[in-house]
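A.B. asks: Got a predicted model here, sequence first, then my questions.
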Amino acid sequence: MSESTTHHPLLERLSHGPLLADGGMGTMLYERGVSFEHCFDELNLSRRDLVRSLHEDYIASGARLITTNTFGGNRVRLARHGFEDKVRDVNFAGAKLAREAREIVGSDALVMGSIGPLGQRLAPLGSVTIREAQEIFSQQAAALLEGGVDLFIFETMSDLDEITAAVHAVRELTRDVPIIASMTFTDAGTTLTGKSPREVVVHLQGLAVDVIGANCSVGPQGMLEVLHRMSAVATRPLAAMPNAGMPQLVDGRFVYTAGPEYFASFVGPFLASGARIIGGCCGTTPQHIAAMAQALRHWETRSRDTAPHVSIAISERDEPPEPQRDHRRSGFCSNLRRRFQISVELDPPKGTNPRKVIEGARLCLSRGADAVNIGDSPMARVRMSAIATAALIEREVGIETILHFCCRDRNLMGIQSDLIGAHALGVRNVLAITGDPPSVGDYPHITGVYDVDSIGLVRILQAMNEGADFAGASIGHATDFCIGVALNPVADDLESEIKRFRRKVEAGAHYAFTQPLYRIEPLQRCLDAIGDVRIPIFLGLLPLMSFRHANFMHHEVPGVVVPEEDLRSIEKAGDRGAELGIEICRSLLETARSLVDGVYLMPSFGRYETCLRVIEGFVEPNAVPDEIIEDRIRA
């Protein structure tokens, strides 16, 4: 424990016996009619009486440790609701309300300043650096200290790097306030980043924390197993605050299955397994805490040997076997660096009929394309699933697909599930992209998920290629994904773009597609900046159809820069604008061919045959009659 906090009231009380913490604050706010869309932390300002009354209820139920309503009180989470400038006010008020409740009830309960995860992933999976994370945590912690909290609790953390940043942030502010460092575990017994309870304890004991705990995610049985494994190596007091089982949706509201009596039956086993602080998390109410308080009083009057016992079989998990590999390697991947390859982008259909995109893929195959790219709801517009489209094309046409897979629409679990499903359907090539924000598409009012960015997605794909999911659990057969990434040689901040590209390569990227280019100079500058960090690079080409089209691409589509000279030339060309657009792309392809490993064609308005004219003479056509395919497309 921290030397400077040895004589703090928390440690003094723990030396005399276990302490009971409160339950779920969010659960009770939801039960009192606050919707999940509302910012719970902001209620410290707008509904003070409600928040204070919940603290009073938990104290009256027997809690000796009460948690401030500030779990999401950092500026990243508050910004989602437009309250990023309220960090100090929200956290100061949260601490003050808990203290007021303690005074009203006349209790000596200690106030725990609650700090939850940032809500954005740290690098390398996300974009937040360790230093930035510490600064964000420090801002929140300073306001909680100003409000008068007695100690801090870091709750529901899943990343050891993130909780380490939080601890360092607090310790830069004070050495005198105790810290409870609590991680969350999945039902597989590891954190989301794959760390076991033993690894968590060993790491946290190297930091200036006073209590190590587990909270949320699992119910009492799962928590007991986690606690058992933590206690095997723990030299600090332990805390256990599980959920009330798994939630279910009943009549439009979430209900948790573990009632107060069942929950309280685990008090004895928790204490026997080394817990010195017990309480509840999601789904637990003052009734759960009152039942635990009664069970705790009974436990204190009898010996540990006669404490209530729940029979739970606990065994160490067997080491997973070496993953086998699913051997159907991508031909596209096998030919990287071996020969110049062509891929053409196809958009999934807007409705349920895939005929046009399938015939478009046949046309691309007939003109010599090696693969077709399948967009993932490009421009955030609703289209058929890219995975379904890719699987249909591979089955019906026989050409390989390169699946665009974006982080916008799926959480971490959905990302992994969909990738496993895509692999099972035979899709092997994946382009990892962050995704256009929903605000540009059909549903601007919805929010993107973005649990990870494109760099994090590459790491997930690489982990699957090694036979594991993001948490390190075996997926049985290792995948054979060929991992692609995007590269923008005309980025406003080329230095930042190159840094991100290097991180993508380090994460496991196999090849890259550039944004559409119209001049050789940006490509050469980009390649010079990349230096030796080279993977196969495909030149992006998007033939301009008219001056209006060129103007739109240049001014309204992110990542596309049409040189002024080309804009003026296409404007002067008038009706020949499309012909000139093709000539510009062909000229660039001729010049850049020795610098790149392939070309990535992007048709406009579904005009595949026009776009494919760019590669005429560069590749040999295949043996599917063009007129048959074009007739099918027109039909």
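C.D. replies: That came through fine.

A.B. asks: Now do the contacts for residue 400.
C.D. replies: Contact analysis of residue 400 by Cβ atoms under 8 Å, 6 or more residues apart in numbering lists 330, 331, 332, 370, 371, 372, 394, 428, 429. The C-beta positions use only the backbone N, C-alpha and C, and glycine is treated the same way.

A.B. asks: ok, 6 Å please
C.D. replies: Counting by Cβ atoms under 6 Å, 6 or more residues apart in numbering, residue 400 touches 331, 332, 371.

A.B. asks: now stretch 82-92, how far from the centre of its chain.
C.D. replies: Chain-centre distance of stretch 82-92: 24 Å, with Cα atoms, centre = their mean, to the nearest Å.

A.B. asks: Same question for stretch 263-273.
C.D. replies: Distance of stretch 263-273 from the chain centroid (Cα atoms, centre = their mean) equals 34 Å.

A.B. asks: The residue sitting nearest the centre point of the chain: what's it in contact with?
C.D. replies: With distances taken as Cα atoms, centre = their mean, the residue of the chain nearest its centroid is residue 451 (1.8 Å). Contacts for residue 451 (Cβ under 6 Å, 6+ apart) come out as 411, 412.

A.B. asks: quick revisit: most neighbours of all the contacts of residue 400, which one?
C.D. replies: Counting neighbours by other Cβ atoms under 10 Å, residue 371 comes out on top of these with 27 neighbours.

A.B. asks: That one touches residue 344, doesn't it?
C.D. replies: No. Judged on Cβ atoms under 6 Å, residue 371 makes no contact with residue 344 at a distance of 8.0 Å.

A.B. asks: Now go through the contacts of residue 400 and say which are in helices.
C.D. replies: Judged by DSSP state H, the contacts of residue 400 include 331, 332 as members of helices.

A.B. asks: pLDDT and distance to residue 45 for the contacts of residue 400 - can I get that in CSV?
C.D. replies: CSV is the format used below for these (pLDDT from 0 to 100; distance: Cβ to Cβ, whole Å):
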residue, pLDDT, distance to residue 45
331, 91, 60
332, 94, 55
371, 96, 54
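
A.B. asks: In JSON lines: the contacts of residue 400, plus distance to residue 471.
C.D. replies: Below are those laid out as JSON lines (distance: Cβ to Cβ, whole Å):
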{"residue": "331", "distance to residue 471": "32"}
{"residue": "332", "distance to residue 471": "30"}
{"residue": "371", "distance to residue 471": "32"}
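
A.B. asks: Nearest to residue 505 among the contacts of residue 400?
C.D. replies: Relative to residue 505, the closest of the contacts of residue 400 is residue 332; by Cβ to Cβ it sits at 18.3 Å.

A.B. asks: For that closest one, which residues are in contact?
C.D. replies: Counting by Cβ under 6 Å, 6+ apart, the residues that residue 332 touches are 370, 371, 400, 429.

A.B. asks: how close does it get to residue 371?
C.D. replies: Look at residue 332 and residue 371: by Cβ to Cβ, to the nearest Å, they are 5 Å apart.

A.B. asks: How about residue 581?
C.D. replies: Residue 581 sits 23 Å away from residue 371, going by Cβ to Cβ.

A.B. asks: Among the contacts of residue 400, which one sits closest to residue 213?
C.D. replies: Closest approach to residue 213 among those (Cβ to Cβ): residue 332, at 48.3 Å.

A.B. asks: can you list contacts of stretch 488-502?
C.D. replies: The contact list for stretch 488-502, computed with Cβ under 6 Å, 6+ apart, reads 487, 514, 515, 522, 523, 526, 529, 533, 559, 561.

A.B. asks: Repeat the analysis, applying 10 Å as the threshold.
C.D. replies: Contact with stretch 488-502 is made by 127, 453-455, 485-487, 509, 512, 514-519, 521-531, 533, 535, 537, 539-540, 558-563, as judged by Cβ atoms under 10 Å, 6 or more residues apart in numbering.

A.B. asks: List every C-alpha atom in it, with coordinates, as PDB.
C.D. replies: The C-alpha coordinates for stretch 488-502 follow below in PDB (Å, rounded to 0.1, in the frame of the first residue of the first chain):
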ATOM      1  CA  ASN A 488      -3.400   9.400 -48.300                       C
ATOM      2  CA  PRO A 489      -0.500  11.000 -50.100                       C
ATOM      3  CA  VAL A 490      -2.400  14.300 -50.300                       C
ATOM      4  CA  ALA A 491      -3.200  14.500 -46.600                       C
ATOM      5  CA  ASP A 492      -3.100  18.100 -45.200                       C
ATOM      6  CA  ASP A 493      -0.700  16.800 -42.500                       C
ATOM      7  CA  LEU A 494       1.500  14.400 -44.400                       C
ATOM      8  CA  GLU A 495       3.800  13.900 -41.400                       C
ATOM      9  CA  SER A 496       0.900  12.700 -39.300                       C
ATOM     10  CA  GLU A 497      -0.300  10.500 -42.100                       C
ATOM     11  CA  ILE A 498       3.100   8.800 -42.500                       C
ATOM     12  CA  LYS A 499       3.300   8.200 -38.700                       C
ATOM     13  CA  ARG A 500      -0.100   6.500 -38.800                       C
ATOM     14  CA  PHE A 501       0.900   4.500 -41.800                       C
ATOM     15  CA  ARG A 502       4.100   3.300 -40.000                       C
END
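
A.B. asks: Could you check the pLDDT of residue 350?
C.D. replies: Predicted confidence (pLDDT) for residue 350: 88.

A.B. asks: ignore the last one, residue 565
C.D. replies: 94.

A.B. asks: Could you do residue 540 as well?
C.D. replies: pLDDT at residue 540 comes out at 96.

A.B. asks: tell me the secondary structure for residue 112?
C.D. replies: strand (DSSP: H, G, I helix; E, B strand; the rest coil).

A.B. asks: What's the separation between it and residue 41?
C.D. replies: In this view, residue 112 and residue 41 are 15 Å apart by Cβ to Cβ.

A.B. asks: now swap in residue 245 and tell me
C.D. replies: For residue 245, the distance to residue 41 (Cβ to Cβ) stands at 26 Å.

A.B. asks: Then residue 352?
C.D. replies: Distance, residue 352 to residue 41, by Cβ to Cβ: 43 Å.

A.B. asks: Would you mind telling me which of the two has more residues around it?
C.D. replies: residue 41 (30 against 6).

A.B. asks: Check what pLDDT the nearest residue to the more buried one once chain neighbours are set aside gets.
C.D. replies: Counting by Cβ to Cβ, 6 or more residues apart in numbering, residue 41 lies nearest to residue 73, which is 4.6 Å off, once chain neighbours are set aside. Residue 73 carries a pLDDT score of 97 in this model.

A.B. asks: ok, residue 73 touching residue 144?
C.D. replies: Yes. Contact status for residue 73 versus residue 144: in contact at 8.1 Å, counting by Cβ atoms under 10 Å.

A.B. asks: Now list whatever residues contact both of these two.
C.D. replies: Common contact partners of residue 73 and residue 144 (Cβ under 10 Å, 6+ apart): 88, 90, 91, 92, 94, 113, 114, 115.

A.B. asks: The fourth one: helix or strand, and which one exactly?
C.D. replies: Going back to what we said before, that points to residue 92. Here residue 92, judged by DSSP states H and E, is contained in helix 87-105.

A.B. asks: Send me that helix as CSV with only the CA atoms.
C.D. replies: Coordinates of each C-alpha in helix 87-105 appear next as CSV, following Å, rounded to 0.1, in the frame of the first residue of the first chain:
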residue,chain,number,x,y,z
VAL,A,87,-15.7,18.7,-15.9
ARG,A,88,-14.9,20.8,-12.8
ASP,A,89,-18.5,21.6,-12.0
VAL,A,90,-19.8,18.0,-12.5
ASN,A,91,-17.1,16.4,-10.4
PHE,A,92,-17.0,19.0,-7.7
ALA,A,93,-20.8,18.8,-7.3
GLY,A,94,-20.6,15.0,-7.3
ALA,A,95,-18.3,14.9,-4.3
LYS,A,96,-20.2,17.6,-2.5
LEU,A,97,-23.6,15.8,-2.9
ALA,A,98,-22.1,12.6,-1.5
ARG,A,99,-20.7,14.5,1.5
GLU,A,100,-24.0,16.3,2.1
ALA,A,101,-25.9,12.9,2.1
ARG,A,102,-23.4,11.6,4.7
GLU,A,103,-24.1,14.6,6.9
ILE,A,104,-27.9,14.4,6.5
VAL,A,105,-27.9,10.7,7.5
